[in-house]
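Student: I'll drop the sequence and a predicted model, then ask my questions.
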Amino acid sequence: CVRWYWNFALNACIQHYQETGKSLKLATYKGMLPQLKKEYLWLKEDCYSSVLQCVAINLDRAYKNFFKGQAKFPRFKSKHHKQSIQYPQSVTVKDEYLKVPKIGEVKAVFHREVTRKIKTVTISKSSTDKYFASILCEVEVTDVKQLGDQIIGIDLGLKDFAIVHDGERVTKYANPKHLNRHQKNLALKQKKLSR
């Protein structure tokens, strides 16, 4: 239902732009949902409403990024390409299970313990038909402590990678010279290849 709504909203956006020369607002995308749920009952039964609102937000962001020149034009989603769904709320973790609205409990392998409040969960299907969940948690931001009025100068160079001067002493950091290190190896491989 997420892919269907994305394609429906993108088509509506393209048609509106061709007719008026203006793009649709986010409120218009979200305003389509109640009427669509009346027309297509499966949309109401199979899909969580906040998931569809997330689709509207993502499409609006994709359209804005296109007009800013930061991304390509949003494309229609095919069932043969990468599939993903984003749950902005109501997903919980209990033991080794991920509880997802309208789906239920799904057994999962967690690579780290989820101890913070879950903000968003994105479930993706890979080309090998495996499912992965990316969990975005709320984290408290710690204030950066100022150490005083101390100012340092950093000079990036070619001979020395960096020279740091803090007013009292100068510290030099050697250039790793990756090119020089790998040129010998490259010369041997080119010689071997030319034979």
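Tutor: That came through fine.
Student: what's across from the closest residue to residue 87 other than its chain neighbours in the sheet?
Tutor: Spatial nearest neighbour of residue 87, chain neighbours left out: residue 121 (4.7 Å); criterion: C-beta to C-beta, 6 or more residues apart in numbering. C-beta here means a position set from N, CA and C on the backbone, and glycine is covered the same way. Counting by DSSP bridges, residue 121 forms beta bridges with residue 87, residue 135.
Student: per-residue confidence at residue 121?
Tutor: pLDDT for residue 121: 88.
Student: next: the one 4 residues further on.
Tutor: Residue 125 carries a pLDDT score of 85 in this model.
Student: residues touching the closest residue to it other than its chain neighbours, list them.
Tutor: Take residue 125 and drop its neighbours on the chain: the residue closest to it by C-beta to C-beta, 6+ apart is residue 83, 4.2 Å away. Under the criterion of C-beta atoms under 8 Å, 6 or more residues apart in numbering, the neighbours of residue 83 are 3, 124-125.
Student: can you map out the strands along this protein?
Tutor: 83-87, 92-94, 97-100, 104-107, 118-125, 131-137, 153-156, 160-165, 170-174 (DSSP state E).
Student: columns distance to residue 9 on top of these, output as JSON lines?
Tutor: Below are the strands of the chain laid out as JSON lines (distance: least, C-beta to C-beta, whole Å):
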{"stretch": "strand 83-87", "distance to residue 9": "15"}
{"stretch": "strand 92-94", "distance to residue 9": "29"}
{"stretch": "strand 97-100", "distance to residue 9": "23"}
{"stretch": "strand 104-107", "distance to residue 9": "27"}
{"stretch": "strand 118-125", "distance to residue 9": "19"}
{"stretch": "strand 131-137", "distance to residue 9": "23"}
{"stretch": "strand 153-156", "distance to residue 9": "47"}
{"stretch": "strand 160-165", "distance to residue 9": "49"}
{"stretch": "strand 170-174", "distance to residue 9": "52"}
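Student: how much space between residue 169 and residue 152?
Tutor: From residue 169 over to residue 152 the distance is 10 Å, taken as C-beta to C-beta, to the nearest Å.
Student: and of the strands of the chain, who's closest to residue 19?
Tutor: Closest of these to residue 19 is strand 83-87, at 29.8 Å (criterion: C-beta to C-beta).
Student: contacting residues around the nearest residue to residue 54 once chain neighbours are set aside?
Tutor: Excluding the flanking residues, the one nearest residue 54 by C-beta to C-beta, 6+ apart is residue 86, at 4.6 Å. Shown in contact with residue 86 (C-beta under 8 Å, 6+ apart): 2, 51, 54-55, 58, 120-123.
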